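Student: This is a predicted model, with the sequence first.
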Amino acid sequence: MIDIKHTVEIVIVGGGMIGAALASGLAKHGFEVVVLEQAPPPMFDPLSNPDLRISAITAASVTFLKKLEVWPRVLVMRCAPYRTQELWEYQIARVRFDAQSLGLSELGYMVENHVLKYALSQQLHHQSVPIFYKTRLIDVQKRKDTWNIILDDGTNLQALLVVGADGAHSQVRKLVNIGCYSGQYTQSCMLISVYCNYHPGDSTWQQLTPHGPRAFLPLFGCWALLVWYDQPARLNSLQGLTMTQLKKEIQIHFPSRVRTVTPLATTVLRFYRSHAKHYILAGLALVGDAAHTLHPLAGQGVNLGYRDVSALMEVLREARQNSDQWASVEVLQRYQDKRKKDNYLMQNGIDLLHVAFSHKCLPLKMVRNAGLIIADRAGQLKKDMLSYGLGL
Ligand SMILES: Cc1cc2nc3c(=O)[nH]c(=O)nc-3n(C[C@H](O)[C@H](O)[C@H](O)COP(=O)(O)OP(=O)(O)OC[C@H]3O[C@@H](n4cnc5c(N)ncnc54)[C@H](O)[C@@H]3O)c2cc1C
């Protein structure tokens, strides 16, 4: 049972990659923050094989994590920079983005989710932000100017602001009856960690096929992650194969530039598109996947989550500085205004790309490949697209 009797300023439900970052940032701005999280991140083991869950963290998100003093903690564990990003259906029509074109040393880093979560938990510990693990949420009830958070061990926490950072199936969002537009993609993806017989380099690439993209993410050492998008039935049958059989399937169905790799672990994931109808109520806000989820092909979920976190932190900090009621609906509306349109734009843009490349009809094939050729030669527009994708 949590022994906090007074009204806490901010309770964040969910201490994942987004909730923990928000807690750190708000605590730095002097807010009193308490985090409730279901499961502690596993300790980092430098000798372990890579986590199957990897996030491409863009240069802008790295800058944000540096401000939180989290990034040096990631660097002393492990991550891998990527400097180019390529996308094609046929080799002749390929878009290639590179860090140099924007004067950057890298576009971003491939980071194992459990490394980032562990780094964030270390930082919260360093800042003495209380994080309560293995909590089970029962209800979130509105009182006059506070929220009452009820846990299954009988704990009652009062908070001026509750933040739902509890992921795609957000319990907070459901308990306070915020509706959600949602849908399931027809494709799933198989994540395959592979050991390469060469250094995987610093280029991440993706071939778009009508069955779904095939992606390559370079990791530390000789490790890489392959992402195989396809129909759930096809991926389930692949999961039944031995690693030797899977290696042969990779050689047949991935571009030859993947060369010789040895698969060592796999998992299959389903993913959803969702968008909360509102991100806010009086004294309550949703951030990250609790507010929106999108197709993972562009690797944007965490990065959009960090844009939410930056916006919410800024709005709350400014309101407190101006002696405004910082948990009021008027103030939180500023956060929603800053983020909702941007998240919709990214979500719809990625869906458009996904749908356009899922069809087998010849005229559409010609148009989309012409689109890639034009995009690759688009000069300033190409740089603008890259800057937008990187959140710069
Ligand atoms: C295959 C795949 C690849 C992806 N690749 C990328 C990528 O390359 N780059 C990128 O930016 N994004 C990527 N994403 C998206 C990214 O994983 C998500 O956007 C990100 O995990 C969202 O973080 P979050 O903290 O909002 O939610 P989550 O990661 O879901 O974390 C929610 C946290 O809340 C906790 N929680 C849940 N319910 C409760 C409760 N009731 N009480 C207390 N705690 C609770 C959970 O334990 C968890 O720690 C990918 C997604 C998928 C599926």
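Tutor: Thanks, I have the structure now.
Student: give me phi/psi at the residue of the chain found nearest the ligand?
Tutor: Residue nearest to the ligand within the chain: residue 301 (2.1 Å; C-beta to the nearest ligand atom). (C-beta placed from N, C-alpha, C; glycine too.) Dihedral angles of residue 301 (phi, psi; degrees, to the nearest 10) stand at phi -60, psi -50.
Student: so residue 238 is in which element?
Tutor: Assessed by DSSP states H and E, residue 238 sits inside helix 232-239.
Student: Mind giving me the packing neighbours of that helix?
Tutor: In this structure, helix 232-239 makes packing contacts with strand 180-196, strand 223-230, strand 261-276, judged by 3 or more C-beta pairs under 8 Å, 6 or more residues apart in numbering; DSSP states H and E.
Student: what does the average pLDDT come to for the shortest one?
Tutor: The one in question is strand 223-230. Average pLDDT, strand 223-230: 97.
Student: List the pairing partners of that strand within its sheet, with orientation.
Tutor: Strand 223-230 sits in its sheet next to strand 180-196 (antiparallel), strand 214-218 (antiparallel), going by DSSP bridges.
Student: Surely residue 258 and residue 226 touch.
Tutor: Yes - contact criterion C-beta atoms under 8 Å: residue 258 and residue 226 qualify, at 7.1 Å.
Student: can I assume the residue of the chain closest to the ligand is in contact with residue 295?
Tutor: No - Residue 301 sits out of contact with residue 295 when judged by C-beta under 8 Å, with a separation of 9.5 Å.
Student: quick one: the helix holding residue 238 near the ligand?
Tutor: No - Helix 232-239 is not in contact with the ligand by C-beta under 6 Å from any ligand atom; minimum separation 11.9 Å.
Student: same deal with stretch 31-48?
Tutor: Yes - Stretch 31-48 reaches the ligand (C-beta under 6 Å from any ligand atom) through 36-39.
Student: tell me the secondary structure for the closest residue to residue 121 other than its chain neighbours?
Tutor: Of all residues not flanking residue 121 in the chain, residue 41 sits nearest, at 5.4 Å (C-beta to C-beta, 6 or more residues apart in numbering). Following DSSP: H, G, I helix; E, B strand; the rest coil, residue 41 is assigned to coil.
Student: number of nearby residues for residue 41?
Tutor: Using other C-beta atoms under 10 Å, residue 41 has 21 neighbouring residues.
Student: now the one 4 residues further on
Tutor: Neighbour count of residue 45, defined by other C-beta under 10 Å: 9.
Student: can you pull the pLDDT of it?
Tutor: So, for residue 45, pLDDT stands at 96.
Student: Identify the residue spatially nearest to residue 360, adjacent ones excluded.
Tutor: residue 210 (4.8 Å).
Student: Residue 13 and residue 327: what is the separation?
Tutor: 15 Å (C-beta to C-beta, to the nearest Å).
Student: So those two - more neighbours on which side?
Tutor: The neighbour count for residue 13 versus residue 327, taken as other C-beta under 10 Å, is higher for residue 13 (27 against 23).
Student: Could you pull up the contacting residues of that one?
Tutor: 19, 36, 137, 140, 149, 162-166, 171-172 (C-beta atoms under 8 Å, 6 or more residues apart in numbering).
Student: Okay, and the beta partners of it?
Tutor: Applying DSSP bridges to residue 13, the residues it is bridged with are residue 36, residue 164.
Student: ok, now residue 204?
Tutor: residue 85.
Student: Would you quantify the distance from it to residue 243?
Tutor: Relative to residue 243, and taking C-beta to C-beta, residue 204 is found at 23 Å.
Student: Of these two, which one has the most company?
Tutor: Comparing residue 204 with residue 243 by neighbour count (other C-beta under 10 Å), the higher total belongs to residue 204, at 25 against 13.
Student: Pull the contacting residues for the more buried one.
Tutor: So, once contact is read as C-beta under 8 Å, 6+ apart, residue 204 ends up touching 56, 82, 84-86, 110, 215-218.
Student: Kindly report the same for residue 146.
Tutor: By C-beta under 8 Å, 6+ apart, the contact set of residue 146 is 7, 158-160, 283.
Student: Which of these ranks first by neighbour count?
Tutor: If you count neighbours using other C-beta under 10 Å, the busiest of the contacts of residue 146 is residue 159, which has 26 neighbours.
Student: and that one, what are its phi and psi?
Tutor: The phi/psi pair for residue 159 (degrees, to the nearest 10) reads phi -140, psi 150.
Student: Without its sequence neighbours, what residue ends up closest to it?
Tutor: residue 11 (4.0 Å).
Student: before we move on, back to that, what's the closest of the strands paired with strand 223-230 to residue 365?
Tutor: Nearest to residue 365 among these is strand 214-218 (16.9 Å), distances taken as C-beta to C-beta.
Student: residues from the chain in reach of the ligand?
Tutor: 13-19, 36-39, 55-56, 135, 137, 165-168, 171, 189, 269, 271, 288-289, 296, 299-303, 305.
Student: If we use 5 Å, what do you get?
Tutor: Listed as neighbours of the ligand in the chain under the rule C-beta under 5 Å from any ligand atom: 13-14, 16-18, 36-38, 55-56, 137, 166-167, 171, 271, 288-289, 296, 299, 301-303, 305.
Student: still on that earlier bit, can you select the buried ones from the contacts of residue 13 in PyMOL?
Tutor: Provided next is the PyMOL selection string for whichever of the contacts of residue 13 are buried by 16 or more other C-beta atoms under 10 Å:
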select buried, resi 19+36+137+140+149+162+163+164+165+166+171+172
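Student: Just the closest of the contacts of residue 13 to residue 197, please.
Tutor: When the contacts of residue 13 are compared against residue 197 (criterion: C-beta to C-beta), the nearest one is residue 19, at 39.4 Å.
Student: The closest one touches residue 287, doesn't it?
Tutor: Yes - between residue 19 and residue 287 there is a contact under C-beta under 8 Å: 7.3 Å.
Student: where does the stretch 201-350 of the chain have low pLDDT?
Tutor: Along the stretch 201-350 of the chain, the model assigns pLDDT under 70 to no residue.
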